[in-house]
Every structure is written in C-alpha cells, then in structure tokens.
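Visitor: Here's my sequence, what's the structure:
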Amino acid sequence: MCAKRLSLSKSDVVALEIHHCLMTCSDLVAEEAVYRRKCHADFFLFPSPTACTVGHPLLEDKEEGFEKLCYCLKDTADS
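Guide: Below you'll find the model as predicted:
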C-alpha cells in the first residue's frame, strides 16, 4: 500500500514514514508494531483524511539531537 500511495504522490508524508519504518525493522512482532484500527483504515483510504499520530509527543530539543545522531550514523555508514 505504501508503494501504491507513493506512486500516486511522491510527497505522501504518511506513506513515506510508514515505508521507512517497515524497511528498517526485520521483525514487526519483535518491534511491537501495533495497528490502531482507525489509523489502519485511514491509511488505506487515499488521500488519508486524518494524520495518524502514534507514540509520545515530540520534544523538540531531543528531536534535534536525535536527528543529528541519525545524520552522523548515516554519514559514517556511507563511508
């Protein structure tokens, strides 16, 4: 479904985020991937009528540090 949504709109933020999450984990059960019924239903509607939020609210200062860490790790892996 991610591929289908991205073929219709390369800027589909929800599909990009879900696709990235799915591609970075090898075992969804071990990663505790849990579907929320409404989010799952909304995802299969295109375009998504609502943004599905999961997890804890973002803490901007910690998010910035995390993004820097990810960038450094990616840069090191590419070397």
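Visitor: Against residue 6, how distant is the most centrally placed residue in the chain?
Guide: The chain has residue 17 as the residue nearest its centroid, 2.5 Å off, counting by Cα atoms, centre = their mean. Distance, residue 17 to residue 6, using Cβ to Cβ, to the nearest Å: 11 Å. Just so you know, the C-beta spots here come from the backbone N, C-alpha and C atoms, and that holds for glycine as well.
Visitor: try residue 67
Guide: Applying Cβ to Cβ to residue 67 and residue 6 gives a distance of 22 Å.
Visitor: of the two, who's got more company?
Guide: residue 6 (14 against 10; other Cβ atoms under 10 Å).
Visitor: Would you report the backbone torsion angles of the more buried one?
Guide: phi -70, psi -30 (degrees, to the nearest 10).
Visitor: Next one: residue 20 relative to residue 11, how far apart?
Guide: 14 Å.
Visitor: Those two: which is more packed in?
Guide: More crowded of residue 20 and residue 11, by other Cβ under 10 Å: residue 20, with 10 against 7.
Visitor: element containing that one, please.
Guide: If you go by DSSP states H and E, residue 20 is part of helix 13-23.
Visitor: Can you mark which positions in that helix are buried?
Guide: 14, 15, 18, 19 (16 or more other Cβ atoms under 10 Å).
Visitor: Now distance to residue 73 and pLDDT too, for those residues, in TSV please.
Guide: Converted to TSV, the buried residues of helix 13-23 look like this (distance: Cβ to Cβ, whole Å; pLDDT from 0 to 100):
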residue	distance to residue 73	pLDDT
14	24	84
15	24	86
18	21	83
19	20	85
